[in-house]
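Q: For reference, the sequence and a predicted model appear below.
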Amino acid sequence: MSWLLRLIIAAPALVLVAAWPGTITDPLTPDVLLAVVTDAVTGLILIVAGLVVAGRRPDSRSGPLLILAGYLWYVGDLFFFLPDASIVPLLSFAFRGYYDLIIAFLILSFPSGRLQTRAQRIVIAALVGAYLVRSLGFLAMAVPGEAYPPNGTANPFLLLPNAPLELFDVWITAFKAVLITIVAVLAVVRWLKASAPARRVLAPVLVGGLAWAVTSVIYKLGPVAAVQFDVRFPPWQDADWWAIPDYLLRGSAAPVGFLFGALLLRTARTAVVDLVSGFSDQPVRRNLQASLVKVLRDPDLVVLYPAAKGWTDADGLPAEYPVPGDERVATPIESEGRTVAIILHDPSLEEDPGLVGAVAAAARLAIDNERLSSALEAQLAEVRDSRVRIVEGADAERRRIERDLHDGAQQRLVAIAISLRMLGDSLGTEASPEVAREIDLASTELRAAIEELRELARGLDPPLLRESGLRVAIEGLAERMHVPVRLDLKLDQRLARSVETTCYFVVAEALANVAKHAHAKTVSVGLWRAGDTLFVKVQDDGRGGADPATGSGLRGLADRVAAIDGHLTISDVPGGGTLLEAQIPCA
Amino acid sequence: MRIVVADDSLLLREGIARVLEAAGHELVGFAGDAVDLLDLVRGQSPDVAIIDIRMPPTHTDEGLRAAAALRQEHGQKIGLLILSQYVEPAYAQQVLADVAGGSGYLLKERVAEARVLADAVLRVAAGEKVVDPVIVAQLLRRREHDPLSDLTARELEVLGLLAEGRSNQAISEQLAIAGKTVETHVNAIFSKLGLEPAAEDNRRVLAVLSYLRGRMVTR
């Protein structure tokens, strides 16, 4: 509700109150002033409470009804303003006090604005009837100048000029007092029957309502006592101290109660925000239910999730639903056209459909979020697994090729070399120099081929790594370097094959890069384990400038390390050189 | 000389057999894996076992372990010659580590060089050490600030032959220099490299190899 609209709604009352001092003809004694101000303020309190409730609960009729009650409060004061305007004083007298109807109604129906039980409906209907009968009776019986002061000029509705209006009014008022007492009793009953979350909101309504009911009954019994029994009731009726509480309690206690009730509803809604922001905690399911219980203050609240057959609770255990005789209300949470969960909660929460709607929306967010993030996680895990499989597959393939080379081509080449040598020997001195030279040439070529194959096989699957582990294998790599290598290998235990292989290839590729590009004088290799992480560090004093983005070897290395959840960085060392660092999980 | 050959490749076994028989050795049996080899040696008591480093079941370094088992079982009576496709000084050093007996580490392609193989067989049978020249060459590769730079060309030559497991006698024959001269070179090498002089040839090979390997990296 915009502030402008609120202002427009409140404006007539404000004008009325502002104009009030000008209408006072009596001398402005403190007593008079006090009575006037209290009267004016009471109506404003009703209107303000109505505006607040309407703002907090736009979907409930409570707000507009309270605003209406505020204006009805002033009906009884109209004759002050327009004392000479024909029938206005008459109507003002005939229809004053209707705000009580609204307050009685709201005490039994706040915050939804709907009566729940038959008794409530009957008593409210009776009250409405009593007010209407009084108004009509008044119109029919009020003789101008007698029944209502001070300057009434005419009563066009006058039917029974000789009827005992005063007696009629007294008994109707007594009847109203009885009905208001019943309303108070019903309000207490309603509160006692309410669930914990509902009691919380209804408590201020009940307190305000009872204050209203007691003061109203006292007020209404005054004329009855005076006319019928000729006693002053209450005895302190005319005491100075009574005027203010009398007015304020009758007019304002109930609206202030509604105001507080609405603020408590508001608090529950604010809690929904906390609910949403607290959803990051995992697991969502148990957390969701706990949060809802807390936010809605409903210890019996549960969240159920649809299973293949029936329902499961937050712990994933089968849950019975619906349970016969269970008074809880189910609010479904729907996402993309299907029910993803239901919230079983106290029926009183239904009285605030906005709250339940907000909570359901928040819960849907949380459940959707969990669903999406678990789908994403599953996808990520799948990608991670497939990356590991690709690396492992490549490693297995390397081993297979190495073995094929070793058992196949390498053996054959050696066998051919033997045959060739035997052939040369058997020819002996009979061979022509050309043939002997050809055989020598072929032998040399064969040796070169064998050597090349050996190097190829070694790069595919270093035997030292498999048999003796990382430290020995890295020493083997270092021995083959042309630049001096400083080794700091603090690792003697064996690790998982994927970790060892990855680490070995990291060092091998780093050293190969140093040999090829770095123009380094020395290179150092560090290897150590801290907790569940293996640290590898290769640093040279060359010219630097290695970039994984350009070198496919380094890029592949980074991918390989990442495949087993490791991390590889390559950086230039200030003053020259390249630093390669890798962290590889090795739990 | 009575020889057994352990190699899971039929092709190689036959090739080796032809080379050895041509050299006048007697082949007393073949084995396809380490278990067969141990049985065979027990039955035949050969002078030399030629063992492929890589055999079933894991196809890695079963040969080394089989050699160690043979040394354990038969002591110095048997010469052990490992054939390998791997140019790994670490393996060579492992083979030489059992100081007492004759043992060697040769690349497989040496089989085609009948004289080299025959010579190696004789040497391991005689209790000497044999290291493949390719491995020694890798170890002798020089770097900056290398202590080897202090050696003369002749001393480097002698060092290489020492690392291959040659005796002073063999070195003097190969380089056609006097035995005294070889001794002088050896002493110079040991003093320049700061090595303790070794009384015995097999220990000397191991010391040289360890030194050469060790200087390649700083630990």
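A: Yep, that arrived.
Q: Might you list the low-confidence residue ranges for chain B?
A: Applying pLDDT under 70 to chain B flags residues B:143-144, B:218-219.
Q: Near chain A, which residues of it are found?
A: In this structure, chain B approaches chain A at residues B:9, B:11-12, B:14-16, B:18-19, B:22, B:54, B:59-61, B:85-91, B:108-109, B:111-114, B:138-139, B:141, B:143-145, B:213, B:216-219, judged by C-beta under 8 Å from any C-beta of the partner chain. Yep, even glycine has a C-beta here, placed from its N, CA and C like the rest.
Q: Just the endpoints, please. Distance across stretch B:187-205?
A: End-to-end distance for stretch B:187-205: 14 Å, by C-alpha to C-alpha, to the nearest Å.
Q: ok, back up a step: can I get the buried ones among the residues of chain B next to chain A as something I can paste into PyMOL?
A: Selecting in PyMOL just the buried members of those, where the criterion is 16 or more other C-beta atoms under 10 Å in any protein chain shown, is done with this command:
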select buried, chain B and resi 9+11+12+14+15+16+18+19+54+59+60+61+85+86+87+88+89+90+91+108+109+111+112+113+114+138+139+143+213+216+217
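Q: Take the residues of chain B next to chain A and keep only those in helices.
A: Using DSSP state H, the members of the residues of chain B next to chain A that fall within helices are B:11-12, B:14-16, B:18-19, B:22, B:89-91, B:114, B:138-139, B:213, B:216.
Q: how about the residues of the stretch 301-450 of chain A that lie near chain B?
A: A:403, A:406-407, A:410-415, A:417-422, A:425, A:443, A:446-447, A:450.
Q: of these, buried ones?
A: A residue is treated as buried here by neighbour count (16+ other C-beta under 10 Å); on that basis the buried members of these are A:406, A:410-411, A:413-415, A:417-418, A:420-422, A:443, A:446-447, A:450.
Q: in chain A, which spans are strands?
A: Under the criterion DSSP state E, chain A contains strands at A:302-306, A:311-312, A:318-319, A:329-335, A:338-345, A:485-490, A:523-530, A:533-540, A:567-572, A:578-585.
Q: Can you lay out those as a markdown table showing mean neighbour count?
A: Converted to a markdown table, the strands of chain A look like this (neighbours: other C-beta atoms under 10 Å in any protein chain shown):
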| stretch | mean neighbour count |
| --- | --- |
| strand A:302-306 | 20 |
| strand A:311-312 | 18 |
| strand A:318-319 | 15 |
| strand A:329-335 | 16 |
| strand A:338-345 | 19 |
| strand A:485-490 | 16 |
| strand A:523-530 | 18 |
| strand A:533-540 | 22 |
| strand A:567-572 | 16 |
| strand A:578-585 | 21 |
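Q: roughly how far apart are A:Phe93 and A:Phe168?
A: 14 Å (C-beta to C-beta, to the nearest Å).
Q: Show me which of those two is the more surrounded one.
A: A:Phe93 (21 against 17; other C-beta atoms under 10 Å in any protein chain shown).
Q: Helices of chain B, start to end?
A: B:10-22, B:34-44, B:62-74, B:89-96, B:114-125, B:133-140, B:153-164, B:168-175, B:179-193, B:201-216.
Q: relative to helix B:133-140, how tilted is the longest one?
A: Angle between the axes of helix B:201-216 and helix B:133-140 is 50 degrees (criterion: axes from the mean of the first three to the mean of the last three C-alpha atoms, to 10 degrees).
Q: swap in the fourth one?
A: Regarding helix B:89-96 and helix B:133-140, their directions subtend 120 degrees when assessed with the same axes, to 10 degrees.
Q: what residues does helix B:89-96 touch?
A: Outside of helix B:89-96, the residues within contact range by C-beta atoms under 8 Å, 6 or more residues apart in numbering or on different chains are A:464, A:468, A:472, A:475-476, A:479, B:53, B:61, B:64, B:67, B:80, B:82, B:84, B:103-105, B:129, B:131-132, B:135, B:138-139, B:165, B:202, B:205-206, B:209-210, B:212-213.
Q: Please apply the same query to stretch B:197-209.
A: B:89, B:92-93, B:96-97, B:99-100, B:127-129, B:131, B:139, B:159, B:162-163, B:165, B:167-168, B:187, B:190, B:195-196.
Q: In terms of secondary structure, what does the lengthiest helix in chain A contact?
A: Among the elements of chain A assigned as helix by DSSP H, the one spanning the most residues is helix A:353-404. Of the remaining helices and strands, those touching helix A:353-404 by 3 or more C-beta pairs under 8 Å, 6 or more residues apart in numbering or on different chains; DSSP states H and E are helix A:254-277, helix A:284-296, strand A:329-335, strand A:338-345, helix A:433-460, helix A:497-513, helix A:552-563.
Q: Adding mean pLDDT as columns, could you present those in a markdown table?
A: Formatted as a markdown table, the entries for the helices and strands packed on helix A:353-404 read as follows, by pLDDT from 0 to 100:
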| stretch | mean pLDDT |
| --- | --- |
| helix A:254-277 | 73 |
| helix A:284-296 | 77 |
| strand A:329-335 | 86 |
| strand A:338-345 | 87 |
| helix A:433-460 | 88 |
| helix A:497-513 | 90 |
| helix A:552-563 | 83 |
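Q: Tabulate the ones you listed in TSV, adding columns for distance to A:Ala194.
A: Written out in TSV, the entries for the helices and strands packed on helix A:353-404 read as follows (distance: least, C-beta to C-beta, whole Å):
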stretch	distance to A:Ala194
helix A:254-277	12
helix A:284-296	14
strand A:329-335	14
strand A:338-345	14
helix A:433-460	78
helix A:497-513	63
helix A:552-563	59
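Q: coming back round to it: give me the buried subset of the contacts of helix B:89-96.
A: Buried positions within the contacts of helix B:89-96, assessed by neighbour count (16+ other C-beta under 10 Å), are A:464, A:468, A:472, A:475-476, A:479, B:53, B:61, B:64, B:67, B:80, B:82, B:84, B:103-105, B:129, B:131-132, B:135, B:138-139, B:165, B:202, B:205-206, B:209, B:212-213.
Q: The residue nearest to A:Trp311 when sequence neighbours are not counted: what's it in contact with?
A: Leaving aside its chain neighbours, A:Trp311 sits nearest to A:Leu304 (4.2 Å; criterion: C-beta to C-beta, 6 or more residues apart in numbering or on different chains). Going by C-beta under 8 Å, 6+ apart, A:Leu304 touches A:Trp311, A:Thr312, A:Asp313, A:Ala319, A:Tyr321, A:Ala341, A:Ile342, A:Leu344.
Q: Pretty sure the fifth one sits against A:Leu344.
A: It refers to A:Tyr321. Yes - the criterion here is C-beta atoms under 8 Å, and A:Tyr321 meets it with A:Leu344 at 7.2 Å.
Q: Now do A:Phe260: how many residues are near it, please.
A: Counted with other C-beta under 10 Å, the burial measure for A:Phe260 works out to 18 neighbours.
Q: Could you report the separation of it from A:Val52?
A: 10 Å.
Q: cool, and A:Asp565?
A: Computed with C-beta to C-beta, the distance linking A:Asp565 and A:Val52 is 56 Å.
Q: Settle it for me: which of these two has more neighbours?
A: Counted by other C-beta under 10 Å, A:Asp565 and A:Val52 do not tie: A:Val52 has more neighbours, with 21 against 12.
Q: Hmm, the more buried one is touching A:Leu259, no?
A: Yes - shown here, A:Val52 and A:Leu259 form a contact pair, counting by C-beta under 8 Å, at 5.6 Å.
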